[in-house]
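Asker: when you get a sec, could you give me coordinates for this:
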Amino acid sequence: MTDAIRPAAVAGRFYPNEANELERQVREFMPETAKQSAVGIMVPHAGYVYSGEIAGQVFAGVEVPDTAIILCPNHTGRGSSRIAVLDTGVFRIPGAEIPIDEELAAAIVRTVPGAAVDPEAHREEHAIEVELPFLVARNPRIRIVPIVLSGLSEADAIELGTALHQLSVAHDREVLVVASSDMSHYLPDEVCRRIDEVALAPLLRFDPEGLYRTVRDQQISMCGYIPATAMLSFARAAGAKVPELKGYATSGDAFGDRARVVGYAGVVVPR
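Answerer: Numbering: from 1, shown residues only. Here you go, the predicted model:
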């Protein structure tokens with residue numbers, strides 16, 4: 001990883017390593033459908049064989065503007081910042097290089113409490129990278145602000161969403177906030193589905209505080225609840241409409257093993 005290029009970390013594992021095959025697969029996951037303007041989305045970040053169909057249903061149905069802020073959890077434990085930003089260069093995936101919106105990223109680092117430039121947090125993190133083939137397929141002009149989140153309190157996550165909205169307005173950006181998150185992890189299928197309904201209920205009520213507290217208090221293993229909380233806070237500040245569930249599945253739907261699954265949900269917050 002250089003200052004200018006963040007190389008693909010999970011190509012060939014989570015998604016195809018060959019550009020033409022990646023493009024073909026992503027387009028197969030995105031059915032032709034009516035597009036709606038959206039302020040935020042929540043999409044899963046597992047290997048495409050498991051969650052690509054759910055992610056594709058979401059991306060296929062939204063208009064993707066020229067700027068996306070992508071929020072994800074820290075799976076690797078790398079880095080030292082709770083709000084870890086990459087502020088320069090490009091993300092490289094097979095067949096494309098997606099530039100960072102350096103002006104907006106710099107403003108976030110400069111003004112958001114706790115935000116810092118932290119390339120180490122991004123080094124092997126997959127949860128932003130796997131969303132990029134979908135984003136660039138929907139808008140080849142896309143620029144991103146990639147942010148890895150960890151350890152934020154409820155108040156921190158709400159404040160972050162509000163601050164990101166204020167900065168997007170101040171910098172005259174139409175922004176799509178992408179919360180990268182899977183749902184419950186490694187439970188029997190029927191248990192996973194029941195618990196995920198509990199987590200999704202406050203999200204679909206447009207209640208970011210309720211989402212954070214539900215996941216925390218009931219110890220639900222939704223890895224990206226902090227990104228999802230911040231995304232909902234952003235959407236609320238933007239005056240968005242009530243979130244809509246576009247799809248749900250578990251890893252058991254891919255191969256039939258229902259004993260120990262992960263849940264995947266796709267949500268759109270319309271403008």
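
Asker: helices of this protein, start to end?
Answerer: 19-29, 48-60, 102-111, 119-122, 132-138, 154-170, 189-204, 208-217, 225-237, 252-255 (DSSP state H).

Asker: return the member of these having the minimum mean pLDDT.
Answerer: Note on these: helix 252-255 shows the lowest mean pLDDT, a mean of 94.

Asker: circling back to that earlier point, out of the helices of the chain, nearest to residue 72?
Answerer: Closest approach to residue 72 among those is made by helix 225-237 (5.7 Å; CB to CB). Using the backbone N, CA and C atoms, a C-beta is placed for each residue, glycine as well.

Asker: what's that closest one in contact with?
Answerer: For helix 225-237, the surrounding residues in contact (CB atoms under 8 Å, 6 or more residues apart in numbering) are 39-42, 69, 71-73, 149-150, 152, 154, 157-162, 164-166, 177-181, 199, 203, 206-209, 211-212, 215-216, 222, 243, 269.

Asker: what do you get if the cut-off is 6 Å, keeping everything else the same?
Answerer: 39-40, 42, 71-72, 149, 152, 157-158, 160-162, 164-165, 177, 179, 181, 208, 211-212, 215, 269 (CB atoms under 6 Å, 6 or more residues apart in numbering).

Asker: output the longest strand belonging to this structure.
Answerer: strand 261-270 (DSSP state E).

Asker: contacts for that one?
Answerer: So strand 261-270 is in contact with 36, 38-44, 51, 54, 57-58, 62, 182-185, 189, 192, 196, 235, 240-241, 243-252, going by CB under 6 Å, 6+ apart.

Asker: list the neighbouring strands of it plus their orientation.
Answerer: strand 36-43 (antiparallel), strand 185-187 (antiparallel), strand 244-250 (antiparallel) (DSSP bridges).

Asker: okay, the angle between it and helix 225-237?
Answerer: Angle between the axes of strand 261-270 and helix 225-237 is 10 degrees (criterion: axes from the mean of the first three to the mean of the last three CA atoms, to 10 degrees).

Asker: now strand 261-270: buried residues?
Answerer: For strand 261-270, a neighbour-count test (16 or more other CB atoms under 10 Å) marks 261, 262, 263, 264, 265, 266, 267, 268, 269, 270 as buried.

Asker: over to stretch 212-232?
Answerer: For stretch 212-232, by 16+ other CB under 10 Å, it's 212, 214-215, 220-232.

Asker: ok, now stretch 128-144?
Answerer: 128-138, 142-144.

Asker: end to end on it, go ahead and measure it.
Answerer: 10 Å (CA to CA, to the nearest Å).

Asker: who touches that stretch?
Answerer: Here stretch 128-144 has contacts from 14, 22, 26, 45, 55, 59, 64, 66-68, 70, 72, 91, 93, 96, 98-99, 101, 146, 178, 180, using CB under 6 Å, 6+ apart.

Asker: out of the helices of the chain, which one sits most buried?
Answerer: helix 225-237 (a mean of 27; mean count of other CB atoms under 10 Å).

Asker: give the contact list for the residue nearest to the spatial centre of the chain.
Answerer: By CA atoms, centre = their mean, the chain has its centre lying nearest to residue 180, at 2.2 Å. Residues in contact with residue 180 (CB under 6 Å, 6+ apart) are 45, 72, 127, 131, 224.
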